[in-house]
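**Q** Predicted model, plus sequence, below.
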Amino acid sequence: IVIVVVCAVVLGLILQRTRDFKSVFTSRCVEYGGYDCEKTWSTFEQAYMGKDPCQVPPESYQALIEAAPIKPACNRMMFWSKTKDVVHDFTTKKECYVTMEDTFVGSLLDGLTWCSKEGSKDTFTSGCPGWSDCVNNTVRSFWNQASASFAQAACGKVSVMLNGSIAAPFSPGSIFASVEVKNFNPAKMEKLEVVLVTQETISNCSSTSLKNLQKELPQGIAFGCTEVPESRIEDCASQPDLPCGSCW
Ligand code: N1C
């Protein structure tokens, strides 16, 4: 009897988890609007369901990405690396920039962890591999594929917020360095403008790391860099009457 009860409770928890994840996904979908949420869920689920969570290549998410192509917002697209909190504090208060998380697929999965298991029909939110545990993990592969398509859509003057309080603001292992920069298209993208967020100034615009970024930009894309104190970004974000263009 004890064994049966324990099994029932464990099974109950697993089913509950699947439902919780699906309900977060679905309510975000409904809130965003404009898409068939049951269909979006089943397209999403097919990317990883029943697979070893370390063996989900980025291409698995292609169907999901194609079902909701990125709508380019020229001159307003914002990339980031190691600055997630500052960026989103800014973009939620001022609506002048669009990040990956503001796109349909990005908004569905921002901040979430999910995976299945070989032969399973469940979605788990714990016990999934961490970001660096294996290359082709469920979550990392999604951000890889989604970020590549976001970068391919980048047009006009494009911004990126990098972290000046670390030695390598342009960090080779990051999605920004390893996926996005490589997918920028010089035919539609004029310039990359770095906003280097400083607090303690460990790196500045003349640092090697920023020079590396400039070197790795595809030919034909101009480069600019401005050092901006984090406090200035926060102040600017909280002053509704200040136009975005005057923040740095
Ligand atoms: O590896 P990163 O940063 O350079 O990735 C950031 C870069 C952004 O420009 C986004 O367009 O890649 C895109 N992106 C996301 O939009 C995103 N949302 C949430 C990449 N990762 C994203 N996450 C989570 O942040 C992800 O699950 C992983 O844990 C971090 C990567 O952040 P990073 O190393 O600061």
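**A** It's in. Numbers count the residues shown, from 1 in each chain.

**Q** and residue 78, what helix or strand is that in?
**A** strand 78-81 (DSSP states H and E).

**Q** Return the list of strands paired to that strand, each annotated with direction.
**A** Strand pairing for strand 78-81, using DSSP bridges, gives strand 156-163 (parallel).

**Q** quick one: the longest helix seen in the chain to chain centroid distance?
**A** When the chain is parsed with DSSP state H, its longest helix is helix 2-32. The chain centroid and the centroid of helix 2-32 are separated by 25 Å under Cα atoms, centre = their mean, to the nearest Å.

**Q** likewise stretch 206-223?
**A** 22 Å.

**Q** and what of stretch 74-82?
**A** Counting by Cα atoms, centre = their mean, stretch 74-82 is centred 11 Å from the centre of its parent chain.

**Q** close to the ligand, is that stretch?
**A** Yes: Stretch 74-82 is in contact with the ligand by Cβ under 6 Å from any ligand atom, via 79-82. Any C-beta I mention is one placed from the backbone N, CA and C, and that applies to glycine too.

**Q** re earlier: I'd like the mean pLDDT over the strand holding residue 78, please.
**A** Averaged across strand 78-81, the pLDDT comes to 98.

**Q** before we move on, what about stretch 101-108?
**A** Rounded mean pLDDT across stretch 101-108 is 97.

**Q** Number the residues from 635 up from this point.
**A** Let's use 635 as the start, then, which means that last one is stretch 735-742.

**Q** List the contacts of it.
**A** Outside stretch 735-742, the residues within contact range by Cβ atoms under 8 Å, 6 or more residues apart in numbering are 659, 662-663, 666, 668-669, 674, 678, 698-699, 702, 704-705, 722, 725, 733-734, 744, 780, 784.

**Q** returning to that earlier point: what's the following helix or strand after the strand holding residue 712?
**A** Next along from strand 712-715, by DSSP H and E: helix 718-727.

**Q** Report the rounded mean pLDDT for that following helix.
**A** Mean predicted confidence for helix 718-727 is 94.

**Q** now the angle from it to strand 790-797?
**A** On the basis of axes from the mean of the first three to the mean of the last three Cα atoms, to 10 degrees, helix 718-727 is oriented at 130 degrees to strand 790-797.

**Q** circling back to that earlier point, of the contacts of stretch 735-742, which ones also sit close to the ligand?
**A** Checking those against the ligand by Cβ under 6 Å from any ligand atom, the ones in range are 734, 744, 784.

**Q** Could you dump those into a markdown table and include neighbour count, secondary structure and distance to residue 760?
**A** Listed next are these as a markdown table, based on neighbours: other Cβ atoms under 10 Å; DSSP: H, G, I helix; E, B strand; the rest coil; distance: Cβ to Cβ, whole Å:
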| residue | neighbour count | secondary structure | distance to residue 760 |
| --- | --- | --- | --- |
| 734 | 23 | helix | 24 |
| 744 | 16 | coil | 18 |
| 784 | 26 | helix | 28 |
